[in-house]
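**Student:** Here is the input, now give the coordinates:
(3 chains)
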Amino acid sequence: MKIVESGIRAVNQGENIRVVTPVNIYECTLGDDVFVGPFVEIQKGCVIGNRSKIQSHTFICENVTLGDDCFIGHGVTFANDLFKTGSPDSCAENWINIVLGNAVTVGSGATILTTEICSGAVIGAGSVVTKPVLVKGIYAGNPAKLLRLL
Amino acid sequence: MKIVESGIRAVNQGENIRVVTPVNIYECTLGDDVFVGPFVEIQKGCVIGNRSKIQSHTFICENVTLGDDCFIGHGVTFANDLFKTGSPDSCAENWINIVLGNAVTVGSGATILTTEICSGAVIGAGSVVTKPVLVKGIYAGNPAKLLRLL
Amino acid sequence: MKIVESGIRAVNQGENIRVVTPVNIYECTLGDDVFVGPFVEIQKGCVIGNRSKIQSHTFICENVTLGDDCFIGHGVTFANDLFKTGSPDSCAENWINIVLGNAVTVGSGATILTTEICSGAVIGAGSVVTKPVLVKGIYAGNPAKLLRLL
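**Tutor:** As a prediction, the model looks like this:
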């Protein structure tokens, strides 16, 4: 059995970042004043904007870009392989990229399966977001639907 | 980058508590015979009643009170900031308090977004609880609804 | 307070296994070429088939059997005590066994509450599976329903 220890590896770092370990964060960029809680994994190719907060237990898959001032709650899961072929796609070129604008709020326990969430949008806790969120508003449910505009 | 290690800090402890590390538990109260599994975070101001069990991967936010003999499954998330203003509220005075009675059972993967769950109630795995649970019964779904009385 | 450290204990191991720590894995069997990500718990009596991958934050409860070539996403939760008596059942003989066939794909954030998922089935991210999956297809939602055959 080959054991690899979690840690912080090859991270392009801004100023004044705070991280509560254990975490597994590698080959990504964290902006200024970013906070990352414990039991978080952030994979390669991600960019976390300035002042964004990633709470405990959250998983951010490859190639997710968060704008500035985002709040990602606890136990949020991002997924970029949508199994369109009926199974996991080992070719990363087929995975979606996920882009969140500025000041996006994602409630705890939500699952993000879409390419885009626009600036200022709010995703309710426990929601499953299956389609792009293009209009600023509050969204919730499985699948997530617009509750009201902001 | 400022690294803070998870741990157990300033916990008011009863007798015969068992904890599987790593965990992040701080400024809260654990009663007698409490069990806490690995990869759990319990934040400040929480009170966990006697003989209650908190399984792995669960997140308990600030100011949650559990009665005695509660069972909180794996990967359960509590949230106290309901983003009522359309974004995270930095003022903790605006967050809800969450109170569970005695012998409450919360299934794995559930999300708790409400102020109260009454004694003896059962929340199904994967449910999202958005309203107070005031009558003893089994609740499930997103949002959680009463399936049957107990 | 009694502190127990997570770790890898009494695991029946195949060849060429890779594990990213911290994890809590005990009294179970991991086949050849298995991958286990960080913040994973696998409990006693589980069997993980050859080449199966268990991603970060996933919880696999007692007596789960996965076939070969399964992909279990991030933050997936298996539960074997369905609280049929209206509370947790302390008698493990009353818990269900959960068996997944070969090449089963379970999306991130899903909750598995059933006895069987057949070979080749795909469970969408964020789904809650409450009934046996006996026909190869893509299933999603809470509760999970068949979206299309494969």
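**Student:** contacts and neighbour counts: CA atoms only from here.
**Tutor:** Will do.
**Student:** any residues touching the host helix or strand of A:V4, and which ones?
**Tutor:** Counting by DSSP states H and E, the element that carries A:V4 is strand A:2-5. With contacts defined as CA atoms under 8 Å, 6 or more residues apart in numbering or on different chains, strand A:2-5 is touched by C:16-22.
**Student:** filter those residues by proximity to chain A?
**Tutor:** Restricting the contacts of strand A:2-5 to those near chain A by CA under 8 Å from any CA of the partner chain leaves C:16-22.
**Student:** ok so, going back, tell me how far the helix or strand just after the strand holding A:V4 is from the chain's mean position?
**Tutor:** Going down the chain from strand A:2-5, the next helix or strand is strand A:8-9, by DSSP H and E. Chain-centre distance of strand A:8-9: 18 Å, with CA atoms, centre = their mean, to the nearest Å.
**Student:** How about stretch A:61-73?
**Tutor:** Mean-position distance between stretch A:61-73 and its chain equals 4 Å (CA atoms, centre = their mean).
**Student:** Check whether that stretch comes close enough to chain C to count as a contact.
**Tutor:** No - Stretch A:61-73 is not in contact with chain C by CA under 8 Å from any CA; minimum separation 9.3 Å.
**Student:** ends of stretch A:78-92, how far apart?
**Tutor:** End-to-end distance of stretch A:78-92 (CA to CA, to the nearest Å): 15 Å.
**Student:** which residues touch that stretch?
**Tutor:** A:59-62, A:94-98, A:111-114, C:71, C:105, C:108, C:120, C:122, C:125, C:138, C:150.
**Student:** Just the buried ones from the residues you listed?
**Tutor:** Buried subset of the contacts of stretch A:78-92 (neighbour count, 16 or more other CA atoms under 10 Å in any protein chain shown): A:59-62, A:95-98, A:111-114, C:71, C:105, C:108, C:120, C:122, C:125, C:138.
**Student:** before we move on, the earlier item: mind listing what the strand holding A:V4 pairs with, with the direction of each?
**Tutor:** Strands that pair with strand A:2-5, judged by DSSP bridges, come out as strand C:18-21 (parallel).
**Student:** For the partner strand, which outside residues touch it?
**Tutor:** A:1-6, C:33-39.
**Student:** ok, and the most crowded of those?
**Tutor:** Counting neighbours by other CA atoms under 10 Å in any protein chain shown, the top entry in those is C:F39, with 31 neighbours.
**Student:** Just confirm that residue contacts C:I60, I think it does.
**Tutor:** No - using CA atoms under 8 Å as the test, C:F39 is too far from C:I60 to be in contact (11.6 Å).
**Student:** Give me the neighbour count for A:L149.
**Tutor:** Neighbour count for A:L149, taken as other CA under 10 Å: 12.
**Student:** need the contact list for it.
**Tutor:** A:135-138 are the contacts of A:L149 under CA under 8 Å, 6+ apart.
**Student:** now, among the residues you listed, which is nearest to chain C?
**Tutor:** A:I138 (18.9 Å; CA to the nearest CA).
**Student:** Now that closest one. Nearest residue, chain neighbours left out?
**Tutor:** Once flanking residues are discounted, A:I138 sits nearest to A:V122: 4.7 Å by CA to CA, 6 or more residues apart in numbering or on different chains.
**Student:** And that neighbour, how far from A:L66?
**Tutor:** Distance of A:V122 to A:L66, given as CA to CA: 14 Å.
**Student:** Near A:S52, how many other residues are there?
**Tutor:** Neighbours of A:S52 (other CA under 10 Å): 25.
**Student:** Which pLDDT does the model give it?
**Tutor:** pLDDT recorded at A:S52 is 98.
**Student:** Pretty sure A:G73 is one of the things it touches, is it not?
**Tutor:** No - using CA under 8 Å, A:S52 makes no contact with A:G73, being 10.8 Å away.
**Student:** residues from chain A in reach of chain B?
**Tutor:** Chain A comes close to chain B at residues A:13, A:15-22, A:38-39, A:56-57, A:71, A:74-75, A:105, A:108-109, A:120, A:122, A:125-126, A:138, A:141-142, A:150, as judged by CA under 8 Å from any CA.
**Student:** repeat that for 7 Å
**Tutor:** Within chain A, the residues that sit near chain B (CA under 7 Å from any CA of the partner chain) are A:16-22, A:38-39, A:105, A:108-109, A:122, A:126, A:141-142.
**Student:** Could you identify the most distant pair in those?
**Tutor:** Greatest spacing in the residues of chain A next to chain B, by CA to CA: A:N16 and A:N142 (36.4 Å).
**Student:** What parts of chain A come near chain C?
**Tutor:** So chain A meets chain C at A:1-6, A:39, A:77, A:79, A:86-87, A:111, A:128, A:142 (CA under 7 Å from any CA).
**Student:** let's see 8 Å
**Tutor:** A:1-6, A:22, A:24, A:39, A:41, A:57, A:59, A:75, A:77-79, A:83, A:86-88, A:111, A:113, A:128, A:142-143.
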